[in-house]
Structures are given as C-alpha cells and as structure tokens.
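Participant: Mind looking at a prediction? Sequence and model below.
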Amino acid sequence: MYRYNLFTKMVSIMIIMLIPITILYFYSNKTTTDVLRSELNTSNNNQLSFFQNQVETNMELLSSWPILLIHDPDILNLKDTYLAGRDLDLEAINLVKRIQTKISIQESSSNWKSKLYLYSPSIHRIVTENDAQPYKDEDLKREVKSGWQVERITEQGEERFQFSWFSFTPYMSQFSPERATTIMKVVFDSRNIEDMLDKFKSGGRRDPFYYKQGAGEIFNRSADRPLAAQLVNKLEEETLQGSENRTLEIDGESYSVNIVYSDKMGWYLIDYMPLTEILQPIHTSNRLFYVSVSALLLMSCVVAYFLYVQVQVPVRQLVGGFQRLKQGDYSVRVGIRGKNEFSFLSGRFNSMVEQIQELIENVLMEKIHVREARLKQLQSQINPHFFYNCFSFITSMAKLGNHEAVVGMSHNLSRYYRYTTRQERDLVALSEEVEFVTHYLEIQNMRMSRLQYTVNIPPQMRRLDLPPLVLQPLVENAVLHGIQPLAAAGMLRITGSCSGRTMTLTVEDDGQGMRPEAIRELESKLGRAMDEEMGCGLWNVHQRMRLRFGEEAGLTFAASPLGGLRVTLLWQLPEDNTENWSGRNNND
C-alpha cells in the first residue's frame, strides 16, 4: 500500500520536471557551442585573411620596385653604356653611384628589410647598394625564374627562408641573358614575416605560422614548434583543400585549426587554439548548471523528506491504527508528536478508540452477565427432570416391596441432593461429576440387574472443571432409551480422552441405537431452539457447553462398536489454561 509513498512521489516528480529542463539546456548548450565555434572560426578566418593580405601587399610592393626602377632615366642610360675595357670609366662610375643611391632610397622606403639587385648586360655588372660586381650569364640564367622563389638558407647557425623576385626588359616567355637589356631582383628573408607574426600574435592569437609542403614552416619567435610539427603531421594525413577549418586531437586535447591559403605566395597560414580555451566559459556555465540542478534536487529531497516525516508518517500511523482497529485490536494507540493538525487527529483517534474500548467492555460484561443468567436457567431445568425419574423409581420399588432398593435409592438421592443444591457453583470438577454419575448408575443397577458399566477417565482429566450435570443426562439417556427397551442389552461404557487442548467424554451402550437419518435429525435439533418434541436433557447439555467453551463445543452422535449409540461430549480448553494443563500432565 505504501510502496509509492509521498517522499518517492515528490522526488520522482522533481526528477521528471528536471529531465526536460536538462534536455533543453543540453540542446541550447549544443546550439550555443556550435554557433560559437562557427562565429569564432569565421572571425579567425577573417583575421587570418586580413593578415595574409598585409603580407601579400608588402610582397606586391616589393615586387613592384623593379618595374618602377627599370623606367628610371639613369637605369635607362645604363643600358646604353658600353665599356671599352673591363673597368668602369668616370662617367659610368658616376652613373652607377646615382643608381646605388636610388636603390638605397628604394630599399629604405619599406618596413621590410629587403635588397635590390640590378643586372646590367651592357656593363655586365650586378649593381647593389654598396657594390657593383661582375656576374656570369650561366649563373644568371640558372637563377632567373618567374614568380616568387623560395630558398632555405643558413646564416649564423640559424635557418631561414629567402624570397626572391626577378623582373627584366624586354619581356620574353623564355628568359635569355643575351636578349635582356635590364634585369632587376628583389630579395628579402623570412625574418620580415616572423616580425609580422610576432605582432599578429601580440593581438591575442595563439601561435600562427606559415607552412608549405615540401618547403617547411615559418614560425614566430615564441612558437611551440613541437606542437606545430604535430599539427602539420596531422594535416598532412589529408590533402589540404585551400582555406578550411579542422578540429584535431593531439595528446588527448582538441584543437581548432584555421587554415588560409595564399595564391600569390603558395603558402598556408595556419592558426590553432585549444578548444578548452574557447569553450571555457561554456564549461563554467555547465558546471554552474550541474551544481544548481544538484542543489535543487538535494533541496527537493530535503523538502520531500520533511513532508514525509510531517505528513506521510502520521498518516501511515493513523491508517495502521485503523487497520488494527478493524481487526479488533482496541488496545491500539497512535503516538503524538509535535503540535499540528496530525497531532490533533492522533489525539482524537486515541480518545475515540478508548471510548470504543470502554463501550465494548461494557457490552461484553453485559453479555457475560446474560450468559451466566442463561446458564443458571438451563442448569436449573435439569433438576426437576431428574427428580421425576428418581421419585418414579422409588415409588415403583416401594410398590414392589424392595426396601433395600428404596434405602439405596434414598441414600443415593440424598447424595445427589447434596450435589445439586450447590447451585452457586458454575463449574465443578469432573471427578465430582463422575462420582455423581456412579451413584446414578448404582441406582439404575438396582432396577436392572443386567446393567454393567465401566468408567475409564484419565486421572489428570478428572481435575478439569465442567458445568455441573453435563455427563449424567448422557448416561441417563443411554440407560433409559438404549439399554432398557432392549432385553439383551446391558453394557454401558464411559471413556475420557485428551489430545492437546481438545477433551472428549464418550458414553456408549449396546442398546438398540439409532438410524443414521435419526442421528442427523437429532444433531440438527440440538442447534435450534428447544421445541416440544425435543427433550431438554441433551439440548440443555449441548447449549451449556457451547455457552461455556465456544461454538466448537457440544455433542456429537455416532454408531457404537458395542452395537448401540455413542454420544461424544467435546470441548477445548482455553489457551490460557494450556500451560497449567501441560504442567498437570507432566506431574501425573
């Protein structure tokens, strides 16, 4: 009945309410995380693209210098200068000096550290800011290529990348030093890009770096190179698809990787950030939510337990009290705790049960008094019945002149009168009842010399208490209705037995007996009110035994092995007498 009590129901309801809230939170959290990742990737890509554009702008600016200088008047005059020998004349030296000054000015016009080289086929010299050295056409032809060229170099024990750009006039699809009039080369190394990466990182970025497959990586000066190398290895497992976003797992930690490809440079700009840093606010919010849900559930359990103690327990006590009251236990009382509505109900319940108990006890006492009065009435009915038979016998014996029988009858009648006059006793010992029956049988033996009887009752059973005059009517009926009508009959046997709490007294004879139909009819009449056809002796005994020992006590009838009728008087000892009865048996 209390399988699903108030505490369980309230906790279950709270859990059911929290389930959709938790599901909605997870859905909202997932949506927020996805939007955050998307916006963050978009922002990162935009910043990387902007940075990439700055690098490309600087490179375009550097690549435009040769075009501007080629049209310079001094450089144009240089192509028309021819040397008579291997050394430069004064005019050529002055021209070269002016060109070197312009190259120096051009180099200093940019934030990037770069170097300009002017190849002059007319004087067959390489003009730089500080020098003018000869060159070989074979070396020049091998070096000149279209677009930006990248070469790994080592300076002062440090590896770098050197970028170079060639420009020449006139334009030709296949470069030939003999046909060119002016050739210029601009050169810068990766330190310029490293400086920009350092500035870009100072804006809060992680560690962006450039990567080109087969060439290598350009890092900023504080980059985590081993981690970047692991990222590159992960990226090389799949073909790079230009600008894209990826999530990579390295050493148990997830990284968000943004990749921007430069068509002009042919390099990938790669930036990465740990997802734990990105999602840290969301994780903090998740922890707060979990703590809040746990605290709410804990508070719900506390409130549910409080209601369980204050409501469910008193209700269960009241229901249990009513159940015990329904089963007839009027001693039940409900404990009163505190001062509230349930303590008031418990107090009124205890008062009600106490009043009911007093009322039932009063009714029970009245019923006992009624039963005692009825018992005495039934007991008094047996006396006249026996007196009539005794006086009839005395009259018959006096008429026959049998003075000894009259004396014996008078003697036994006096003993009987002494026994029956003690009406104040509700119970007598079975031994007294047996002695009284023995006197009766002696009287009957005076009338019928063929009458023989035996009494076999255990000594411990003789100490039991019974209502008076319950055995004598059975013996009297056996003599008068069983043995007396049949001349060949004359045997009567009285037997007592006990089995646990069940006691039996059996009276049987070898008289004419009764048919089974008559036995069933007799037993049926014993349970009904006494009528004119029903003798009062057996009915009186049956009713008194039931009043005294309960509905299971009374008389039963059956055919006797002796040939006549067997009458059995059966009753059970009360439970509170069982120990005394067991003690008597052990002593005996």
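Facilitator: Perfect, thanks for sending it.
Participant: tell me the contacts of residue 258?
Facilitator: 41, 44, 45, 48, 245, 270, 271, 272 (C-beta atoms under 8 Å, 6 or more residues apart in numbering). No exception for glycine: its C-beta is placed from N, CA and C like everyone else's.
Participant: Show only the entries of those found in helices.
Facilitator: Among the contacts of residue 258, the members falling in helices (DSSP state H) are 41, 44, 45, 48.
Participant: Touching, the third one and residue 242? I think so.
Facilitator: No. Between residue 45 and residue 242 there is no contact, the gap being 11.5 Å when judged by C-beta atoms under 8 Å.
Participant: out of the two, which sits in the more crowded spot?
Facilitator: When residue 45 is set against residue 242 and neighbours are counted by other C-beta atoms under 10 Å, the residue ahead is residue 45, at 17 against 10.
Participant: wait, what's in contact with that one?
Facilitator: Residues counted as contacts of residue 45 (C-beta under 8 Å, 6+ apart) are 243, 245, 258, 260.
Participant: Which residue, other than its chain neighbours, is closest to residue 33?
Facilitator: Closest residue to residue 33 in three dimensions, ignoring its sequence neighbours and counting by C-beta to C-beta, 6 or more residues apart in numbering: residue 282, at 5.9 Å.
Participant: Quickly note the distance from the one you found to residue 296.
Facilitator: As defined by C-beta to C-beta, to the nearest Å, residue 282 lies at a distance of 21 Å from residue 296.
Participant: domain assignment for this protein?
Facilitator: Structural domains annotated on the chain: 20-188, 194-279, 362-587, as defined by automatic domain parsing.
Participant: Hmm, residue 21 and residue 296 touching each other?
Facilitator: No. Using C-beta under 8 Å, residue 296 makes no contact with residue 21, being 9.4 Å away.
Participant: before we move on, back to that, drop anything exposed from the contacts of residue 258.
Facilitator: Among these, those scoring as buried are 41, 44, 45, 48, 270, 271, 272 (criterion: 16 or more other C-beta atoms under 10 Å).
Participant: Same list (those) but as a markdown table, adding pLDDT.
Facilitator: Listed next are the buried ones among the contacts of residue 258 as a markdown table, based on pLDDT from 0 to 100:
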| residue | pLDDT |
| --- | --- |
| 41 | 80 |
| 44 | 82 |
| 45 | 83 |
| 48 | 85 |
| 270 | 87 |
| 271 | 88 |
| 272 | 84 |
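Participant: quick one: which of these is nearest to residue 235?
Facilitator: The shortest distance between residue 235 and any of those, using C-beta to C-beta, involves residue 270 and amounts to 7.5 Å.
Participant: how about the helices of the stretch 151-300 of the chain, start to end?
Facilitator: In order along the chain, the stretch 151-300 of the chain carries the following helices (DSSP state H, counting those that start in this stretch): 191-202, 225-236, 275-278, 280-307.
Participant: Strands along the stretch 101-250 of the chain, start to end?
Facilitator: Under the criterion DSSP state E, counting those that start in this stretch, the stretch 101-250 of the chain contains strands at 114-120, 125-127, 132-134, 149-155, 158-169, 182-189, 209-212, 216-218, 244-250.
Participant: Could you dump the ones you listed into TSV with mean pLDDT and distance to residue 525 added?
Facilitator: Rendered in TSV, the data for the strands of the stretch 101-250 of the chain read as follows (pLDDT from 0 to 100; distance: least, C-beta to C-beta, whole Å):
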stretch	mean pLDDT	distance to residue 525
strand 114-120	87	140
strand 125-127	85	152
strand 132-134	85	155
strand 149-155	85	131
strand 158-169	85	130
strand 182-189	87	135
strand 209-212	88	119
strand 216-218	87	121
strand 244-250	84	101
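Participant: quick one, which of those strands is nearest to residue 108?
Facilitator: Distances from residue 108 to each of those were compared using C-beta to C-beta; the minimum, 9.8 Å, belongs to strand 114-120.
Participant: helices or strands next to the closest one in the packing?
Facilitator: If contacts are counted by 3 or more C-beta pairs under 8 Å, 6 or more residues apart in numbering; DSSP states H and E, strand 114-120 sits against helix 6-70, helix 73-78, helix 90-108, strand 125-127, strand 182-189.
Participant: The ones you listed: which one's closest to residue 339?
Facilitator: Short answer: helix 6-70, nearest of those by C-beta to C-beta, at 21.0 Å.
Participant: how far is that closest one from where the chain is centred?
Facilitator: Here helix 6-70 is found 39 Å from its chain centre; the criterion is C-alpha atoms, centre = their mean, to the nearest Å.
Participant: by how many degrees do that helix and strand 114-120 diverge?
Facilitator: Orientation check (axes from the mean of the first three to the mean of the last three C-alpha atoms, to 10 degrees): helix 6-70 against strand 114-120 gives 30 degrees.
Participant: As a check, name the ranges of all helices in the stretch 451-588 of the chain.
Facilitator: Listed in chain order (using DSSP H, counting those that start in this stretch), the helices of the stretch 451-588 of the chain are 459-462, 472-477, 516-526, 536-549, 578-587.
Participant: Just give me how far the shortest one sits from the chain centre.
Facilitator: A distance of 64 Å separates the C-alpha centroid of helix 459-462 from that of its chain, computed with C-alpha atoms, centre = their mean.
Participant: what's the answer for stretch 403-410, then?
Facilitator: So, by C-alpha atoms, centre = their mean, the centroid of stretch 403-410 is 92 Å from its chain's centroid.
Participant: buried ones in that stretch?
Facilitator: Burial within stretch 403-410, assessed by neighbour count using 16+ other C-beta under 10 Å, is assigned to 405, 406, 408, 409.
Participant: Tell me which entries of the residues you listed lie within helices.
Facilitator: Where the buried residues of stretch 403-410 overlap with helices, as defined by DSSP H, the overlap consists of 405, 406, 408, 409.
Participant: now these as a markdown table including distance to residue 340 and pLDDT?
Facilitator: What follows is these, written out as a markdown table (distance: C-beta to C-beta, whole Å; pLDDT from 0 to 100):
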| residue | distance to residue 340 | pLDDT |
| --- | --- | --- |
| 405 | 86 | 73 |
| 406 | 86 | 77 |
| 408 | 83 | 76 |
| 409 | 81 | 74 |
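Participant: With distance to residue 162 added, can I get these in a markdown table?
Facilitator: Putting these into a markdown table (distance: C-beta to C-beta, whole Å) gives the following:
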| residue | distance to residue 162 |
| --- | --- |
| 405 | 162 |
| 406 | 164 |
| 408 | 159 |
| 409 | 159 |
